[in-house]
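Participant: Generate a structure from the sequence data that follows.
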Amino acid sequence: MDLLQVPDADWNEIRMEYSQKLLAMFLSGHPNHQLIFMHLLLDVQPFTFALDVALLALRQEYLNLDKWLGNNVNQHRAEFLCTMVSFLEVKMESKKMGMSDPAVDSCTLSLNPNTITIFLCILHNK
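Facilitator: From the prediction side, this is the model:
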């Protein structure tokens, strides 16, 4: 796993091939590979991607969204809060467009009322 985190932009083909194979072996051989994969993705930036991954993890009951959002707000402060607001705006706009064009709604993860409530509570408390 450490090999994949080396910040060298000039990866040659052999190094890239072996790191992909090692990652595949790690994930297939680890009993909790889905959880580990989710945790790797939940720590990435841009935050909008991590928020989408968090919604997927929440749907699979792999994540306590309230705690994860709170931890990220504490760690990243205003940047994460602004991203949360933007994320909600994009999701709501997508939902509005999906009401008039069903093809648009199927292209994005929709938010259920409980998820929206969690977001709003976090925003209200910070």
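
Participant: okay, and for this structure, where does confidence drop off?
Facilitator: Across the chain, the ranges flagged by pLDDT under 70 are 1-12, 14-16, 18-38, 41, 102-108.

Participant: mind running it again at 90?
Facilitator: Low-confidence segments of the chain, defined by pLDDT under 90: 1-46, 48-50, 52-63, 90-111, 126.

Participant: Going by length in residues, pull out the top helix of it.
Facilitator: What stands out as the longest helix in the chain, according to DSSP state H, is helix 78-100.

Participant: now for it, which elements pack on it?
Facilitator: With contacts taken as 3 or more C-beta pairs under 8 Å, 6 or more residues apart in numbering; DSSP states H and E, helix 78-100 sits against helix 47-59, helix 65-76, helix 102-105, helix 113-125. To be clear about C-beta, it is placed using only N, CA and C from the backbone, and glycine gets the same treatment.

Participant: Reformat those helices as TSV; add distance to residue 88 and mean neighbour count.
Facilitator: Output for the helices and strands packed on helix 78-100, formatted as TSV (distance: least, C-beta to C-beta, whole Å; neighbours: other C-beta atoms under 10 Å):
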stretch	distance to residue 88	mean neighbour count
helix 47-59	9	18
helix 65-76	12	15
helix 102-105	16	12
helix 113-125	6	13
